[in-house]
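# coordinates for the following, if possible.
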Amino acid sequence: MVKKILGLIKLNIPASKANPSPPIGPALGQRGVNIMDFCKSFNNATKDMESGVPLPVIITVFSDRSFSFKIKTPPVSYFLLKNIDSNKGSSSPGRDIIGEISVDKIKEIAKKKMNDLNVYDLDSAVSMISSSASTMGIKVIGVKHD
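Now for the predicted structure:
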């Protein structure tokens, strides 16, 4: 028998650091999900990943208060900032450049993120990630401008 879906919850949770404090506790508590079961399951599923990496998670809550979850790859901004060894993007991206990244590094990021991006080919993914880098104040080296 198919379980009826009660709702979807989308959260960003650091790898292997899920705990019942906000935002996890309130989001799951509203749906009647056992918060500690989720935290244990999530932490167990992410124990082999680098601790603290932000992971987008989609939690499906069923009518019997059970749940399932899907872990996606970290956000593009995480990969970009990690490559330039920075904690945050530029406060004025059009003027201040906080770092540089090569097109080859962007291709690596695109390959990792391909399943989560809304694109059909690698070139489109590279273009999307290059645009993200520019809006964060990161100069992309090796891009030909028209």
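# let me see the domain layout of this protein.
For the chain, automatic domain parsing gives the domain ranges 5-71, 76-141.
# want to throw those domains into TSV with mean neighbour count?
Placement of C-beta: from N, CA and C, glycine included. Converted to TSV, those look like this (neighbours: other C-beta atoms under 10 Å):
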stretch	mean neighbour count
domain 5-71	15
domain 76-141	16
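# could you dump these to JSON lines with mean pLDDT?
Formatted as JSON lines, the domains of the chain follow (pLDDT from 0 to 100):
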{"stretch": "domain 5-71", "mean pLDDT": "93"}
{"stretch": "domain 76-141", "mean pLDDT": "91"}
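# right, and Pro14 touches Ser51 too?
Yes - contact status for Pro14 versus Ser51: in contact at 7.5 Å, counting by C-beta atoms under 8 Å.
# residues contacting Phe69?
By C-beta atoms under 8 Å, 6 or more residues apart in numbering, Phe69 lies in contact with Phe38, Ser41, Phe42, Ala45, Val57, Ile58, Ile59, Thr60.
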